[in-house]
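# Sequence first, then the predicted structure:
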Amino acid sequence: MEITSDIKYIGVNDYDIDLFEGQYVVENGMAYNSYVILDEKIAVMDTVDADFGSDWMQNLKAVIGDRTPDYLIVQHMEPDHSANIDAFVKAFPDAVVVSSAPAFNMMRQFFGTDYADRRQIIKEGDTLSLGAHTLQFVAAPMVHWPEVMLTYDIKDKVLFSADGFGKFGALDADEDWACEARRYYFGIVGKYGMQVQNLLKKASTLDIQIICPLHGPVLQENIEYYVNLYQIWSSYGVESEGVMIAYTSVYGNTKKAAELLAEKLTEKGCPKVVTADLAREDMAECVEDAFRYGKLVLATTTYNTDIFPFMREFINDLIERNYQNRTVALIENGSWAPMAAKNMRAKLETCKNITFAENTVQIRSALNEESTAQLEALAEELCRS
């Protein structure tokens, strides 16, 4: 793939992977991206996952022909991008490894060496000339590892964005970018909104025409669209007006309440209502929707005087990712000694700027006139607010 006349794609698609990072379902595979800048000197941007080292090396050699790389620029040390550093060093003994000081410390951990005899340590604002192309380095600590350094090519106005602006899915996956990029962002980067905001401020000073991430497609059109989504996500803003109803149900009665509330909200003109059975749906997608919409309803049963396990996991995932700036409503079901609403609220009170709905629905085993009226009142409140 040609990115510009001098920048080529040499990454790979992984169609065999089932769980990315051991937890995220990736039905459409995963892309591990790597790039080459051809100039008076040749720079290779990152490597790929260990299982694809041979494919990557073939792609590299096909692009450079009889030439040899001068630099390997390591932006991020997660093994899906750095696993082939040692193989590269052995294949090209005259090449220099360029990376941040923390990255070289990690290389020692991964490979037993920090390549002290052939390394170039870079920091924020440093530049590297390849000839016509000058690379400018942008520090991005904790987006989402501490060693991350992005690279901006001044000539072609290309930002090599490491894991930023990435998404799940192989490059030929026919799927909406925002959906899988959102799930990727909140699953992997979501905790670090402040750090992403700091990076976006730096990026706003650059004339970016192309974004080359380490996962997902190269972004070459409507860059403002992608940057705006990252602004919303990293500031924990509301992307879409609507209500998400997340529920767990043991014998079906809490599910009936969630579905009835969804019907009432739709009848009252709520712009969007989505429901999620936390025990059966992809938890990462559920987390994604909780951050996408401005209002969240949590419906669950009391379980061992606490919260049903899947709901507890869901709330913990939200808290871990700095859930904030939302309206939250609670529905609890308890045949005796109901505690779920109290415990859910206590957990979420640790989050910033959470507004709790005035109406809390309490179900005693199954819906009755009283709890149905409470659902009606909650629907009115959510639509009104």
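Thanks, I have it. Numbering: from 1, shown residues only.

# The helix or strand hosting Phe137: which residues count as buried?
Per DSSP states H and E: Phe137 is located in strand 134-139. For strand 134-139, a neighbour-count test (16 or more other CB atoms under 10 Å) marks 135-139 as buried. For the C-beta atoms, the positions are set from N, CA and C on the backbone; glycine is no exception.

# Domain map for the protein?
7-234, 242-384 (automatic domain parsing).

# Quick check: which of those domains is nearest to Met1?
domain 7-234 (3.6 Å; CB to CB).

# gap between the two ends of that closest one?
29 Å (CA to CA, to the nearest Å).

# Let me see the mean pLDDT of that domain.
Domain 7-234 carries an average pLDDT of 97.

# Use 24 as the first number for this chain going forward.
OK, 24 is where the count begins now, so the last one is domain 30-257.

# what sits against the closest residue to Gln347 other than its chain neighbours?
Closest residue in space to Gln347, ignoring its immediate chain neighbours: Lys375 at 4.0 Å, by CB to CB, 6 or more residues apart in numbering. Each residue near Lys375 by CB atoms under 8 Å, 6 or more residues apart in numbering is listed here: 345, 347-348.

# tell me which of these is nearest to Leu173?
Using CB to CB, Asn345 is the member of those that sits closest to Leu173, with 22.1 Å.

# tally of neighbours for the closest one?
Asn345 has 16 neighbouring residues, counting by other CB atoms under 10 Å.

# For it, give its distance to Ser258.
Asn345 is 11 Å from Ser258, where distance means CB to CB, to the nearest Å.

# Tell me the residues that contact both of the two, please.
Gly216.

# any idea how far Ser227 is from Arg205?
21 Å.

# the more surrounded of those two?
Arg205 (25 against 10).

# The more buried one: which element?
helix 200-207.

# Which elements pack onto that helix?
helix 246-257, helix 306-315 (3 or more CB pairs under 8 Å, 6 or more residues apart in numbering; DSSP states H and E).

# I'd like to check what contacts it. Which residues are they?
47, 51, 188-192, 196, 238-240, 249, 252, 256, 262, 307-308, 310-311, 314-315.

# swap in stretch 394-402?
280, 283-284, 287-288, 291, 320, 352, 354, 380, 382-387, 390.

# Any of these buried? List them.
280, 283-284, 287-288, 320, 352, 354, 380, 382-384, 386, 390.

# Could you pull out the strands in the stretch 74-223 of the chain for me?
94-96, 119-123, 142-145, 150-152, 157-162, 172-176, 181-183 (DSSP state E, counting those that start in this stretch).

# still on that earlier bit, now the contacts of Lys375 in JSON lines, with secondary structure and distance to Ile233?
As requested, those are arranged in JSON lines below (DSSP: H, G, I helix; E, B strand; the rest coil; distance: CB to CB, whole Å):
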{"residue": "Asn345", "secondary structure": "coil", "distance to Ile233": "30"}
{"residue": "Gln347", "secondary structure": "strand", "distance to Ile233": "32"}
{"residue": "Asn348", "secondary structure": "strand", "distance to Ile233": "32"}
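
# ok, so of the residues you listed, who is nearest Ile268?
Asn348 (18.8 Å).

# Can you show me the strands along the stretch 224-373 of the chain?
233-235, 263-270, 296-300, 316-326, 329-330, 347-356.

# Which one of those has the poorest average confidence?
Set side by side, those give their lowest mean pLDDT on strand 329-330, at a mean of 93.

# Identify the residues contacting that one?
Residues outside strand 329-330 that contact it (CB under 8 Å, 6+ apart) are 323, 335, 338, 362-363, 366-367, 370.

# Report the two of these separated the most.
Taking CB to CB as the measure, those have their most distant pair in Ile338 and Met362, spaced 14.1 Å apart.

# where do the helices sit along the stretch 274-408 of the chain?
276-290, 306-315, 332-343, 363-371, 392-407 (DSSP state H, counting those that start in this stretch).

# any chance you could map the helices in the stretch 24-173 of the chain?
Using DSSP H, counting those that start in this stretch, helices in the stretch 24-173 of the chain cover 76-87, 102-105, 108-114, 124-134.
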